[in-house]
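K.L.:
All I have is the shape, not the residue letters:
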Ligand code: NDP
Ligand code: DGY
C-alpha cells in the first residue's frame, strides 16, 4: 500500500478526515476492504466520494425519537445504549473525537470532559433549560457552542409547580396515604385540613419565564398579593401582571407560599438555608421546582422538624435520585417528586427535537433555535 494511501486510511479510520476525497477504483477496493466506511461510487466520474458525517455522542438511548432521527439523517451517532445516564468513565472514553454532544442535566460537562473530547468538539446541546451542569465559560473559551431548550417547557413546569403547591398545601399525598392504610374513619371536621391560596401572600423567587407563568396561573386562586424577587428590575412586567417586586428580606418574611423558580448559579447555591428559614413565617410553605442545590437540604429538614416552616413541596433535591433513607421521606409535611417539572409528553418530544436542531445548526455554523 503506498504511503499516501496508508495515511489516508488511518485518517479515515480515526475520523480526523473531513469533506470529500477522490479516489480511483483500484485504490477504492483496497480502502474499502481496509476501512469499511460508507462511500458513494460514481463510475461515470471514475472516482468515489467519502462523505464523512459529523460524529455526535448521545448520552442515553431513550430521548424522544424525533431528535435522534433528525441527527441520524446527517450525522454518525454513537450513543450510550441504555435508558439511564451514561456512567462518567464511559462518557469520558466515548466522547473522544466527537463533533457534538447531545446531553441532559445528568451529564456533567466540565474541563476534564472537554479535554477528553478534544479539538473536534464544536457543539453541546442539552435537553433542558437549566445549564448549570455545563461549564459554559470553558466552552466559550474553546469556541464550543451550547444549545438548550428554554420556552418550550415553561408552561409544563409552571403547571407542575402549581400542582405541587396545591398538593403540598392541601396535604393531598398525606391524605391519600390514609385512604390506602385505613386511616380514613369518617368525614371529620378538622381532619386533614390544609392551607388555601385564597387570601394568602404568594412569593416567587426568580421571576423569569417559569416564575411569571406561575404567577399568572396562581392569580385566579385569589391570593391577597403576589410578590416576587428577581436579580433585575422588572417593573413593567410586574405592572402588566399586577404583581409586586419586593426585596429578598421582605419576600421571605411575608410570604405564605415561597416558590423557588430561579436558575442555579453561584449566587443562588444554598441560598435557602437556616438563616432564611428562621425568618420565614412558621406557617409558610416552600415550593422548589428550580434545582435542589438552591436549598441547603439539611437546614430544610431541620426547619421542617423544628416547625420553623410548615411544609415543603420539592420537585428537585440533592442528590437526585433522593436516597430512600433520606429523612425528607419520613416527614409527613413534605412532598417530593422525581424532577418531573417539564415531564409532559408533547413537551419532552419538542425538547428532543430542539436539542437535535441546535446540534445541526451548531455544526453548520448557523443560528441555533436556542443558544446559551
Ligand atoms: P429564566 O432564566 O427565565 O429564569 C430564571 C430566573 O432566575 C431569572 O428571572 C433570574 O432573574 C432569576 N435569578 C437568577 N439568579 C438570581 C439571583 N441571584 N437572585 C434573584 N433571581 C435570580 O429560566 P426559566 O424560568 O426558564 O427556568 C428557571 C429554572 O428552572 C431553570 O434554570 C431550571 O434550573 C429550572 N427548571 C426546572 C424544571 C423541573 O423539571 N423542575 C423544568 C424547567 C426548569 P433575572 O431575570 O432578574 O435575571
Ligand atoms: C430543565 O429543563 O432545566 C429541567 O430541570 C428539566 O426539564
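P.N.:
Great, that's in hand. Here the structure is a predicted model, which means the values were calculated and not measured. Ligands and ions are numbered 1, 2, ... in the order given.
K.L.:
how about low-confidence regions in the chain?
P.N.:
Residues of the chain meeting the criterion pLDDT under 70: 1-51.
K.L.:
mind listing the helices for the protein?
P.N.:
Along the chain, the stretches classed as helices by DSSP state H are 3-14, 25-35, 65-74, 88-94, 111-117, 136-141, 154-169, 172-181, 209-218, 235-241, 248-254, 274-277, 297-305, 345-364.
K.L.:
Turn those into JSON lines, including distance to ligand 2.
P.N.:
Placement of C-beta: from N, CA and C, glycine included. JSON lines is the format used below for the helices of the chain (distance: least, CB to the nearest ligand atom, whole Å):
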{"stretch": "helix 3-14", "distance to ligand 2": "35"}
{"stretch": "helix 25-35", "distance to ligand 2": "40"}
{"stretch": "helix 65-74", "distance to ligand 2": "14"}
{"stretch": "helix 88-94", "distance to ligand 2": "19"}
{"stretch": "helix 111-117", "distance to ligand 2": "19"}
{"stretch": "helix 136-141", "distance to ligand 2": "14"}
{"stretch": "helix 154-169", "distance to ligand 2": "7"}
{"stretch": "helix 172-181", "distance to ligand 2": "21"}
{"stretch": "helix 209-218", "distance to ligand 2": "9"}
{"stretch": "helix 235-241", "distance to ligand 2": "21"}
{"stretch": "helix 248-254", "distance to ligand 2": "23"}
{"stretch": "helix 274-277", "distance to ligand 2": "22"}
{"stretch": "helix 297-305", "distance to ligand 2": "17"}
{"stretch": "helix 345-364", "distance to ligand 2": "7"}
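K.L.:
Turn those into CSV, columns for mean neighbour count.
P.N.:
As requested, the helices of the chain are arranged in CSV below (neighbours: other CB atoms under 10 Å):
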stretch, mean neighbour count
helix 3-14, 13
helix 25-35, 14
helix 65-74, 17
helix 88-94, 14
helix 111-117, 17
helix 136-141, 14
helix 154-169, 21
helix 172-181, 13
helix 209-218, 22
helix 235-241, 13
helix 248-254, 16
helix 274-277, 19
helix 297-305, 19
helix 345-364, 21
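K.L.:
Save the ones you listed as CSV, and put in distance to residue 55 too.
P.N.:
Output for these, formatted as CSV (distance: least, CB to CB, whole Å):
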stretch, distance to residue 55
helix 3-14, 11
helix 25-35, 15
helix 65-74, 10
helix 88-94, 10
helix 111-117, 10
helix 136-141, 18
helix 154-169, 32
helix 172-181, 45
helix 209-218, 33
helix 235-241, 43
helix 248-254, 46
helix 274-277, 46
helix 297-305, 39
helix 345-364, 10
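K.L.:
Identify whichever of those helices lies nearest to residue 190.
P.N.:
helix 172-181 (13.2 Å; CB to CB).
K.L.:
That'll do, ta.
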